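**Student:** here are the coordinates; sequence isn't available:
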């Protein structure tokens with residue numbers, strides 16, 4: 001099973017987006033998450049650093065600047081999705097990636113405090 005480290009760049013970018021009110025509170029993540037074609041299209045127009053910032057996890061042992069390196073996406077390349085943060089918490093908890101789970105949970109709580 002893969003192991004993951006928390007991607008601090010992703011956490012920081014997510015916080016920036018929450019503060020800027022760039023979020024979607026009600027969506028079905030499985031319907032709106034970027035598929036492989038959308039990820040490739042994004043990478044054609046943006047840097048790897050931009051791509052990295054949309055993920056909360058870094059796959060340990062995977063090569064930088066490959067999509068396999070970045071996991072636990074939290075947005076659609078424009079906005080944070082609350083449903084994505086919930087999915088990140090759930091998936092990380094399910095597979096016992098505690099650091100990523102806690103980072104996603106903290107971001108979800110931050111989003112919820114912001115939108116009360």
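**Tutor:** All right, it came through fine. Fair warning: this is a prediction, and the values are worked out from it, not measured in the lab.

**Student:** chain center to the longest helix along the chain: distance?
**Tutor:** Of all segments of type helix in the chain, defined using DSSP state H, the longest is helix 98-114. Here helix 98-114 is found 11 Å from its chain centre; the criterion is CA atoms, centre = their mean, to the nearest Å.

**Student:** cool, stretch 38-52 as well?
**Tutor:** Shown here is stretch 38-52, whose average C-alpha point lies 14 Å from the average C-alpha point of the whole chain (CA atoms, centre = their mean).

**Student:** returning to that earlier point: now for the longest helix of the chain, which elements pack on it?
**Tutor:** Here helix 98-114 is seen to pack against strand 4-6, helix 8-19, strand 55-59, strand 70-73, helix 82-94 when contacts are counted using 3 or more CB pairs under 8 Å, 6 or more residues apart in numbering; DSSP states H and E. Just so you know, the C-beta spots here come from the backbone N, C-alpha and C atoms, and that holds for glycine as well.

**Student:** Can you tell me the strand partners of the third one and which way each runs?
**Tutor:** Read it as strand 55-59. For strand 55-59, sheet partners with direction are given as strand 4-6 (antiparallel), strand 70-73 (antiparallel), following DSSP bridges.

**Student:** which residues sit against that strand?
**Tutor:** By CB atoms under 8 Å, 6 or more residues apart in numbering, the surrounding residues in contact with strand 55-59 are 2-7, 10-11, 14, 68-74, 88, 92, 97, 100, 103-104, 107.

**Student:** Put the buried members of those into a PyMOL selection.
**Tutor:** Buried residues among the contacts of strand 55-59 (16 or more other CB atoms under 10 Å), as a PyMOL selection:
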select buried, resi 4+6+7+10+11+14+69+70+71+72+73+74+88+92+97+100+103+104+107
